[in-house]
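Have a look at this prediction, sequence included:
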Amino acid sequence: MTKYIVGVDLGGTRIKIGLVNTNGDIVQEWSIPTNKEKEGSMILPDIVTALNKKFERKEIVKKSILGIGIGVAGNVDYKTGYVRGAYNLNWKHKISVKSELQEKMGVPVFVENDSNVAALGEHLVGNCKLDDSFVLITLGTGIGAGMVINGNLYRGATGCSGEIGHDTVVPNGPLCTCGKRGCLETVASATGVVNVAKMLAEQTSQVSQIKDSLKEHKNISSKEIFEAAEFQHDEFAKEVVDKIADYLGHASADIANMLNPNSIVFGGGVSAAGEFLRRRIEHYYHYYVFKPNEEATKIKMAGLQNNAGIVGAAALVMDEI
Ligand SMILES: [Zn+2]
């Protein structure tokens, strides 16, 4: 009997689900919308329905499912499988994801923070297969980090490790979702890129379409800023990317000095900028890092991109069984 693992990437807009084989390859992948109504109380029942329908249609028996792994953007207690404060899912209270799903599906369920899940995915089948110790920094709407130390996921004392997105890098800077000001997330995530562009637009006399659009209060995405910098030789956009790379290079140097990992890896939506961004982060990393630590740590881009959540969630199960 072919064995499968279910990987679930539980995001604020969509729930991505994948049937993954024991080599870590996605055999089937689909998604359903995240219904956040009624304080997100429909989310878990929706996942159960989606899975049961798929199993029935593909004639997959429960016995062939080794387990279900779920990555959630929120504070996760890995041991108990409780999720606290997943605000983008509208989960305001403690939700017992593990026991609720286990009861309904009759297979082992493992729940983990989305950044940790992505790091596991990179370790299993992504760009960090050979790295014993690395930190994956996810640059999305926010900034999260997952770390593998000596081959194992490092969760910290209470599962809150990797919150580098909330390091204060600009005192009295833009307001963060956490209530503080000037967190790394406010100047280097997808929203952060736009914040930096707005700040710099006030200070520069450079001619730039991006700058003009911002001054006219048009909505500009981080992707447009990166494209203008890379392909349209927009000097203002280049300045914005450079500033972001400076913040990320500085953060990378701090991590390298503290942990001496094999690599620091950038994933998430913003990292789609690829080599163009990586080179600049690396430049600033070299500038800030403690020289004896410099060569050991490589600056890389993630290999899994969009599928990191599904593959990583499946890796969570593989790690356990
Ligand atoms: Zn913050």
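Looks like it arrived, so ask away.

Relative to Glu239, how far out is Val20?
Taking Cβ to Cβ, to the nearest Å as the measure, Val20 falls 42 Å from Glu239. All C-beta spots, glycine's among them, are computed from the backbone N, C-alpha and C.

Of the two, give the one with the bigger neighbour count.
Val20 (26 against 19; other Cβ atoms under 10 Å).

Is that one bridged to anything, and to what?
Ile5, Ile26 (DSSP bridges).

pretty sure it is touching Ile26, no?
Yes - between Val20 and Ile26 there is a contact under Cβ atoms under 8 Å: 5.5 Å.

and for those two, which residues touch both?
Gly7, Ile310, Val311 (Cβ atoms under 8 Å, 6 or more residues apart in numbering).

Now, those residues that are in helices?
Ile310, Val311 (DSSP state H).

Most neighbours among the shared contacts of Val20 and Ile26, please name it.
Highest count within the shared contacts of Val20 and Ile26 by other Cβ under 10 Å belongs to Gly7, 32 neighbours.

next one: phi and psi at the residue nearest the centre of the chain?
In the chain, the residue lying closest to the centroid (Cα atoms, centre = their mean) is Thr138, at 3.7 Å. With angles defined as degrees, to the nearest 10, Thr138 sits at phi -100, psi 120.

Please name the residues that touch it.
Asp114, Ser115, Ala118, Gly144, Ala145, Gly146, Gly267, Gly268.

Check which helices and strands whichever helix or strand Glu112 is part of sits against.
Using DSSP states H and E, Glu112 sits within strand 109-113. When contacts are defined as 3 or more Cβ pairs under 8 Å, 6 or more residues apart in numbering; DSSP states H and E, strand 109-113 packs onto strand 65-72, strand 75-77, helix 97-105, helix 308-320.

mind putting those in JSON lines, distance to Glu163 and mean pLDDT included?
Formatted as JSON lines, the helices and strands packed on strand 109-113 follow (distance: least, Cβ to Cβ, whole Å; pLDDT from 0 to 100):
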{"stretch": "strand 65-72", "distance to Glu163": "15", "mean pLDDT": "96"}
{"stretch": "strand 75-77", "distance to Glu163": "10", "mean pLDDT": "87"}
{"stretch": "helix 97-105", "distance to Glu163": "20", "mean pLDDT": "96"}
{"stretch": "helix 308-320", "distance to Glu163": "18", "mean pLDDT": "90"}
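
Ok, which of these comes nearest the ion?
strand 75-77 (13.7 Å; Cβ to the ion).
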